[in-house]
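**Student:** Sequence first, predicted coordinates after that:
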Amino acid sequence: MIYDIRQVTSYAYGSFVPFAAHVLKLLPLPRPGFDVLQRDMRVDPVPSELVVTRDFFGNAATHITIQAPHNRLTVESRCTIQLTPPLPLVPDDTPAWEDVRAWAQGTTSLSARSPVHYVFPSPHVPIDAAFLDYAEPFFTPGRPVLSGAIALMTQIRADFIYDPEATDVRTPARVAFATRRGVCQDFAHIMIGCLRSLGLPAAYVGGYLRTQPPPGMPRLEGADAMHAWVSVWCGEEAGWQELDPTNALQVRTDHVGLAFGRDYSDVSPVDGVIFDSGPHSLDVSVDVRERAA
């Protein structure tokens with residue numbers, strides 16, 4: 001699958017901002033099964049400084065500084081990627097979840113994708129007794145870890161209502177869990193909290209969904225903006241397996257991962273500091289189109 005992706009992120013400020021510093025995580029990096037054929041980014045106004053680095057988790061981080069007064073900021077990112085998904089994994093062929101938990105607890109690796117980074121609380125994901133109570137019925141003794149995670153994902157999709165008005169990026173996962181409403185970010189945080197409460201490593205993936213589905217297929221929730229889903233570690237052999245609780249799907253070719261981390265705070269597409277005394281507005285448009293063969 002070859003996708004052409006375009007995202008335009010626009011901020012309008014209530015007054016002129018004299019100085020701004022941002023970290024942008026809007027450019028993909030190649031990885032196994034994921035080739036970046038082209039990528040570029042345009043920032044308006046033109047930054048006085050622009051540096052591209054990698055963060056701890058291996059994501060591309062573009063650091064920009066704007067020192068001229070401005071009352072708007074527009075970031076346009078474009079990329080063309082080729083996606084070659086791995087062969088599907090049979091959920092019942094994965095190890096028992098208790099074994100995966102024990103392996104994660106015993107690991108000594110501190111590499112970026114080591115499961116040890118993804119079992120503890122993180123800024124947006126607490127370890128909570130309510131998460132544990134919700135998740136436990138899906139992880140009976142000896143159940144294969146991916147089978148249990150898929151069952152949990154399916155129940156979240158059944159119990160929670162996709163409601164863009166119910167939450168924002170600051171809404172705690174506990175609140176979204178209690179109200180049973182939210183968007184993809186909330187569903188991902190809740191599922192991660194459930195898995196970590198069991199001692200299972202779970203990560204947050206930010207990226208995109210195919211905007212236009214194949215003929216005859218329904219449009220997926222969240223396809224008009226950036227999307228978020230979950231990656232659960234299933235042991236050294238099975239590795240990280242990605243699940244989308246918003247749509248109750250195993251991730252295959254409709255999802256394009258852009259950044260990987262513990263929760264939203266690690267993959268936020270635009271972060272930083274501005275000096276501003278008035279309100280501001282944000283508009284994001286995303287287009288993901290499959291290139292014709």
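**Tutor:** Okay, I see it.
**Student:** Please count neighbours and contacts with C-alpha atoms only from this point.
**Tutor:** Will do.
**Student:** the helices in the stretch 1-150 of the chain, which residues?
**Tutor:** Chain-ordered helices for the stretch 1-150 of the chain, with DSSP state H, counting those that start in this stretch as the definition, fall at 97-106, 129-135, 145-159.
**Student:** After the last one, which helix or strand is next?
**Tutor:** Toward the C-terminus, helix 145-159 is succeeded by strand 161-162 as the next helix or strand (DSSP states H and E).
**Student:** State whether residue 228 and residue 184 are indeed in contact, as I suppose.
**Tutor:** Yes - because the distance of 5.5 Å satisfies C-alpha atoms under 8 Å, residue 228 is recorded as touching residue 184.
**Student:** closest one to residue 51 among the helices of the stretch 1-150 of the chain?
**Tutor:** Taking C-alpha to C-alpha as the criterion, helix 97-106 is the member of the helices of the stretch 1-150 of the chain that comes nearest to residue 51, at 34.8 Å.
**Student:** Now that closest one: buried residues?
**Tutor:** 97-101, 103-104 (16 or more other C-alpha atoms under 10 Å).
**Student:** Measure how buried residue 44 is and give me the count.
**Tutor:** 13 (other C-alpha atoms under 10 Å).
**Student:** Would you map the strands across the stretch 1-150 of the chain?
**Tutor:** 2-17, 20-24, 34-44, 49-54, 60-66, 70-83 (DSSP state E, counting those that start in this stretch).
**Student:** Reformat these as CSV; add distance to residue 238 and mean pLDDT.
**Tutor:** Written out in CSV, the entries for these read as follows (distance: least, C-alpha to C-alpha, whole Å; pLDDT from 0 to 100):
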stretch, distance to residue 238, mean pLDDT
strand 2-17, 25, 93
strand 20-24, 31, 96
strand 34-44, 18, 95
strand 49-54, 26, 95
strand 60-66, 25, 96
strand 70-83, 19, 95
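**Student:** domain assignment for this structure?
**Tutor:** Residue ranges for the domains of the chain, per automatic domain parsing: 2-84+268-290, 91-267.
**Student:** any idea which of the ones you listed is most buried?
**Tutor:** Neighbour counts averaged per stretch over the domains of the chain are highest for domain 91-267, at a mean of 20; criterion: mean count of other C-alpha atoms under 10 Å.
**Student:** chain center to that domain, what's the gap?
**Tutor:** 9 Å (C-alpha atoms, centre = their mean, to the nearest Å).
**Student:** ok, now which ones touch residue 266?
**Tutor:** With C-alpha atoms under 8 Å, 6 or more residues apart in numbering as the criterion, the residues that contact residue 266 are residue 260.
**Student:** For it, what are phi and psi?
**Tutor:** In terms of degrees, to the nearest 10, the main-chain angles of residue 266 are phi -90, psi -20.
**Student:** Would you check how far apart it and residue 258 are?
**Tutor:** When distance is defined by C-alpha to C-alpha, to the nearest Å, residue 266 is 12 Å away from residue 258.
**Student:** Quick check: neighbours shared by the two?
**Tutor:** Common neighbours of residue 266 and residue 258 are not found (criterion: C-alpha under 8 Å, 6+ apart).
**Student:** Setting aside sequence neighbours, what's the nearest residue to residue 167?
**Tutor:** residue 182 (5.5 Å; C-alpha to C-alpha, 6 or more residues apart in numbering).
**Student:** Repeat that for residue 276.
**Tutor:** Closest residue in space to residue 276, ignoring its immediate chain neighbours: residue 17 at 5.4 Å, by C-alpha to C-alpha, 6+ apart.
**Student:** measure that neighbour to residue 51 for me?
**Tutor:** Going from residue 17 to residue 51 by C-alpha to C-alpha gives 21 Å.
**Student:** ok, now residue 191?
**Tutor:** Taking C-alpha to C-alpha, one finds residue 191 at 34 Å from residue 51.
**Student:** got a list of what the residue nearest to residue 276 touches?
**Tutor:** If you count contacts by C-alpha under 8 Å, 6+ apart, residue 17 has them with 69-71, 274-276.
**Student:** Can you name the residues bridging to it?
**Tutor:** Using DSSP bridges, the beta-bridge partners of residue 17 come out as residue 70.
**Student:** Residue 206 contacts residue 227, correct?
**Tutor:** Yes - under the contact definition of C-alpha under 8 Å, residue 206 touches residue 227, with a separation of 5.9 Å.
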